[in-house]
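**Student:** Please find the sequence and the predicted model below.
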Amino acid sequence: MKALCWHGKHDVRYETVPDPQIEDPRDAIIKVTSCAICGSDLHLFDHMIPGMERGDVLGHETMGEVVEVGAGNSKLKVGDRVVVPFTICCGECAQCRAGNYSVCERSNRNKELCSLVFGHSTAGLYGYSHLTGGYAGGQAEYLRVPFADCGPVKVPDHLSDEQLLFLSDILPTGWQAAVNCEIQPTDTVAVWGAGPVAQFAIRSAVLLGAWQVICIDYLEDRLSMARAGGATTINFKKESVLDRLNELTDGKGPDKCIDAVGMEAHVSRSLDSAYDRVKQALLMETDRPHVLREMIYVCRPGGILSVAGVYGGFADKIPVGALMNKGLTLRTGQTHVPRWTDELLQLIDEGLLDPSFVITHTADLADGPDMYNVFRNKEDGCVKVVLKP
Amino acid sequence: MNWRERLQRMHPNTLSRALGWFSIGLGAVELLAPRGTAQAAGLGGGRNALVRACGAREVLNGVALLRSMDPEPYLWARVAGDGMDLAAVGLRAWSGSRSTRTRAGVALAVLAGVTALDVMAVRRLRRRQTERPVRDYGGRTGFPRPADQMRGAARRALRDPEHPVITPASSDGPTLHGRDAPSPAGTAGAVH
């Protein structure tokens, strides 16, 4: 089959790889009908995440049709249309039973390696390094789905791929980021970033009843999309984030803050982002936590910080004094996708949310390598790329 | 992918940052080893102060390039600095001894290459800035009604007995469970 494979920094290739096989009775094989490039794929593209090997198949936002089912899988049958959550979960371990699917205790095939880095193992992920199990990803014609009687979401035929695909990752990620904020009707929620996850976090915050949602970014096209979703926007390249947030909150700061940027914060004029650049270049820091620092500084005391953006290693100069003394709550984590998919599918089915608004580019899977560059460089107003095998 | 292709595909900002780091590296060498640098460039002895001044300029320029959201002015500053360096080394190449001229010639070639890179970075940056259209996504709401009419709609839609939604009042943090979710009973969360 054909797939997009990682071959190093800024080097993704469309090439032939072996077809996936059923390896376990609970497995299923799906024929991919749509897949997407995620912002977190760009961390791999930029080689910011360790544990990648040449030839690894990328992609963790995938949906398609079941074409083969293992003997022990009674949930799926050939012909089912499914969306595949990016976190692989067994559904049986203590964490899965508690709903913490992204830290499933069984799905990561490289537990020892992951434990060495993180202290304990997290769940396996599709196409996201050997730290998370080394599973082949879904930017391919076919995908092997382990524990396929737990994760995949059966979806109805009357909804399009474009409406459903993002149930795999970015929609529940934005939703979880907002739910983690414990939004109250009087809340101001500030969202850093205006990429796809941020767009869904904005709409989730609105749907969950936030009084005011503020989006901070510098790309005007993305900010226009954020405004369409109900956000007031701040272009950090043109105005002071601190001054504007104070102006919009009567000097009190946002009640809830969402980081939808993560480890590769854009280098701004702030001194700390230059500092991060220098330290990162000297291999003394892996992540650039400018957004995290800014959230801690601007958040109203007693507020909640919700981190949806991906961090991968080590960061420093985190103002823990402000974090502690302001009594802030910090919530993080990869998304527990199956926790949210039923509710989100209901919202889509009832027409309250159409996630396809975020798609700006649709291309053939063969054009994937070019689309990585377009997405990474934010060319042509690119916000979200969907690929069709 | 060879280096030419890599250079062609490199984002202008990436190229600017690479030049920023190059500037800092070169500046550090000039500041720490002015005599060796002067000799390598064919400038001869007694130019330590001049070389150190160039080093300080390079470091400052490099830091500015890395810090700036808009690197274009600093790239132009690099081009201007390249001009000064070319003039200084070129004069020496014109008037020095044969061995000095040889070293200065090599230095001139290197400087010319770096200048070409600087000019290329400026041109690509300007082209990208002028060519990048700003799309208006103001119609992409994702909602069936204007956003201000959608406030709290999910809470209303999901809060019914058959589709229980929890609000995050639980001491164990927020959870949200729906029908047929593959999560067993006993999960924390206040169901409404």
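**Tutor:** Structure's in. What do you need?
**Student:** Quick one: list the elements packing against the helix or strand harbouring residue A:40.
**Tutor:** Following DSSP states H and E, one finds residue A:40 within helix A:39-45. Judged by 3 or more CB pairs under 8 Å, 6 or more residues apart in numbering or on different chains; DSSP states H and E, helix A:39-45 is in contact with helix A:368-376. Just so you know, the C-beta spots here come from the backbone N, C-alpha and C atoms, and that holds for glycine as well.
**Student:** Only the buried residues of the helix it packs on, if you could.
**Tutor:** A:368-369, A:371-372, A:374-376 (16 or more other CB atoms under 10 Å in any protein chain shown).
**Student:** just curious, which of the residues you listed is nearest to chain B?
**Tutor:** residue A:376 (7.6 Å; CB to the nearest CB).
**Student:** The residue lying closest to the closest one once chain neighbours are set aside - how many residues pack around it?
**Tutor:** Leaving aside its sequence neighbours, residue A:376 sits nearest to residue A:42 (CB to CB, 6 or more residues apart in numbering or on different chains; 5.2 Å). By other CB atoms under 10 Å in any protein chain shown, 17 other residues sit near residue A:42.
**Student:** where's residue A:42 relative to chain B, distance?
**Tutor:** 12 Å (CB to the nearest CB, to the nearest Å).
**Student:** And residue A:252, by the same measure?
**Tutor:** Counting by CB to the nearest CB, the gap from residue A:252 to chain B is 20 Å.
**Student:** In contact with that residue, which residues?
**Tutor:** By CB atoms under 8 Å, 6 or more residues apart in numbering or on different chains, the contact set of residue A:252 is A:246, A:300.
**Student:** Likewise for residue A:377?
**Tutor:** The contact partners of residue A:377, by CB under 8 Å, 6+ apart, come to residue B:11.
**Student:** Could I get the phi/psi values of it?
**Tutor:** phi -90, psi 0 (degrees, to the nearest 10).
**Student:** Tell me where the stretch 201-350 of chain A has strands.
**Tutor:** Along the stretch 201-350 of chain A, the segments classed as strands by DSSP state E, counting those that start in this stretch run A:212-217, A:232-235, A:256-259, A:304-307, A:329-331.
**Student:** nearest residue to residue 10 other than its sequence neighbours?
**Tutor:** In the absence of a named chain, this looks at chain A. residue A:45 (6.2 Å).
**Student:** hm, I was asking about chain B
**Tutor:** Spatial nearest neighbour of residue B:10, chain neighbours left out: residue B:18 (7.7 Å); criterion: CB to CB, 6+ apart.
**Student:** On the C-terminal side of the host helix or strand of that neighbour, identify the next helix or strand.
**Tutor:** Element membership of residue B:18, judged by DSSP H and E, is helix B:12-32. Of the helices and strands lying after helix B:12-32 in sequence (DSSP H and E), the nearest is helix B:34-40.
**Student:** List the buried residues for that next one?
**Tutor:** Quick answer for helix B:34-40 (16+ other CB under 10 Å): B:34, B:37-39.
**Student:** Farthest-apart pair in the residues you listed, please.
**Tutor:** Farthest apart among those by CB to CB are B:34 and B:39. That separation is 9.7 Å.
**Student:** What are the boundaries of the helices in chain A?
**Tutor:** Remark: helices assigned in chain A by DSSP state H are A:39-45, A:94-97, A:111-118, A:161-164, A:170-179, A:196-207, A:220-228, A:241-248, A:271-281, A:290-298, A:320-325, A:337-349, A:368-376.
**Student:** ok, residue A:360 - contacts?
**Tutor:** Neighbours of residue A:360 in contact, by CB under 8 Å, 6+ apart: A:380-385, B:135, B:137.
**Student:** on that earlier part again, tell me what the helix holding residue B:18 is packed against?
**Tutor:** Against helix B:12-32 (3+ CB pairs under 8 Å, 6+ apart) you get helix B:48-67, helix B:72-95, helix B:98-131.
**Student:** between that helix and helix A:368-376, how many degrees?
**Tutor:** For helix B:12-32 against helix A:368-376, the angle by axes from the mean of the first three to the mean of the last three CA atoms, to 10 degrees is 70 degrees.
**Student:** In PDB, list the C-alpha atoms belonging to helix B:12-32.
**Tutor:** Taking C-alpha atoms only, helix B:12-32 is exported to PDB below (Å, rounded to 0.1, in the frame of the first residue of the first chain):
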ATOM      1  CA  PRO B  12      12.400  32.300   4.700                       C
ATOM      2  CA  ASN B  13      12.000  32.700   8.500                       C
ATOM      3  CA  THR B  14      14.000  29.500   9.000                       C
ATOM      4  CA  LEU B  15      16.700  30.800   6.700                       C
ATOM      5  CA  SER B  16      16.700  34.100   8.700                       C
ATOM      6  CA  ARG B  17      17.100  32.300  12.000                       C
ATOM      7  CA  ALA B  18      19.900  30.100  10.500                       C
ATOM      8  CA  LEU B  19      21.700  33.300   9.500                       C
ATOM      9  CA  GLY B  20      21.100  34.700  13.000                       C
ATOM     10  CA  TRP B  21      22.900  31.700  14.500                       C
ATOM     11  CA  PHE B  22      25.600  32.000  12.000                       C
ATOM     12  CA  SER B  23      26.000  35.700  12.900                       C
ATOM     13  CA  ILE B  24      26.300  34.900  16.600                       C
ATOM     14  CA  GLY B  25      28.800  32.100  15.900                       C
ATOM     15  CA  LEU B  26      31.000  34.200  13.700                       C
ATOM     16  CA  GLY B  27      30.700  37.100  16.100                       C
ATOM     17  CA  ALA B  28      31.900  34.900  19.000                       C
ATOM     18  CA  VAL B  29      34.900  33.800  17.000                       C
ATOM     19  CA  GLU B  30      35.800  37.400  16.200                       C
ATOM     20  CA  LEU B  31      35.400  38.500  19.800                       C
ATOM     21  CA  LEU B  32      37.300  35.600  21.200                       C
END
